[in-house]
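Trainee: next comes the sequence, and after it the predicted model I'd like to discuss.
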Amino acid sequence: MKQLTMLLALTLGAILTPAQAPAQTGPEGDMSDKASVSQCPRVTVSAAENPNARGKRRSFSATRSADLLFHLQFKGSLDNDHVVTLKVLTPNGHLYRQYDVPVASGRKKRSQGARTLPGYPYPVPVHAPLMKKARGQNFATVDVPFPVAGSSIVTSSLYGRWNLEVFLDGAADPCGRPTFFHLKE
């Protein structure tokens with residue numbers, strides 16, 4: 001009787017437990033993950049009126065700054081085209097706006113036109129990064145404007161600490177630590 005019970009349990013366990021696919025191992029999977037992490041941009045924020053003050057301030061007045069700029073800084077030059085997703089979260093942690101920013105690699109012409117992205121009814125303009133040098137390192141940079149004045153931030157008094165999460169090439173998890181900034185009246 002014990003053998004019959006064990007046989008039944010093993011049979012049911014095999015039927016009810018889905019087969020797991022073998023883990024993806026290999027050099028190509030590891031390299032793409034490492035490439036994505038190494039190409040993750042660092043994000044700094046500045047007021048549009050003073051774009052050279054990037055990273056020096058993290059607090060901005062919504063009545064004095066018409067727009068903010070999100071500065072995406074990639075180390076070195078870009079080897080491949082990327083789509084950077086920026087999720088802007090309100091002080092309460094709700095998604096306020098999402099930007100999907102196609103960025104051209106340095107290997108292609110500077111005028112990239114537009115690119116079709118899933119979920120967008122029209123092609124989205126491709127951003128060509130500008131090469132800059134800071135502290136002895138080269139950076140590819142792209143600026144993304146974030147409207148503040150006249151937006152629901154001011155009309156709904158959405159003041160406080162905002163978070164900005166960065167995703168690269170459709171990844172489910174952010175590729176770096178969130179950037180934060182404060183908006184006050």
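Mentor: Looks like it came in fine. Model, not experiment: these values are computed from the prediction.

Trainee: Pro118: which element?
Mentor: Using DSSP states H and E, Pro118 is not contained in any helix or strand.

Trainee: which neighbours does the longest strand along the chain have in its sheet, and in what orientation?
Mentor: Once the chain is assigned using DSSP state E, the strand that runs over the most residues is strand 137-147. Applying DSSP bridges, strand 137-147 is found paired with strand 67-75 (antiparallel), strand 130-134 (antiparallel).

Trainee: I figured Arg161 hits His182, correct?
Mentor: Yes. Taking CB atoms under 8 Å as the definition, Arg161 is a contact partner of His182 at 5.5 Å. The way it works is simple: take the backbone N, C-alpha and C, and place the C-beta from them, glycine included.

Trainee: against Ile153, how distant is Gln137?
Mentor: Distance, Gln137 to Ile153, by CB to CB, to the nearest Å: 34 Å.

Trainee: kindly report the same for Arg135.
Mentor: For Arg135, the distance to Ile153 equals 33 Å [CB to CB].

Trainee: and the residue nearest the centre of the protein?
Mentor: Val166 (2.3 Å; CA atoms, centre = their mean).

Trainee: show the subsequent helix or strand relative to the longest strand of the chain.
Mentor: Following strand 137-147 in sequence order, the next helix or strand is helix 152-155 (DSSP H and E).

Trainee: just the CA trace of that next one, in CSV.
Mentor: What follows is helix 152-155, C-alpha atoms only, in CSV (Å, rounded to 0.1, in the frame of the first residue of the first chain):
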residue,chain,number,x,y,z
SER,A,152,-0.3,69.5,-13.3
ILE,A,153,2.7,69.7,-11.0
VAL,A,154,1.9,73.3,-10.3
THR,A,155,-1.9,73.1,-10.6
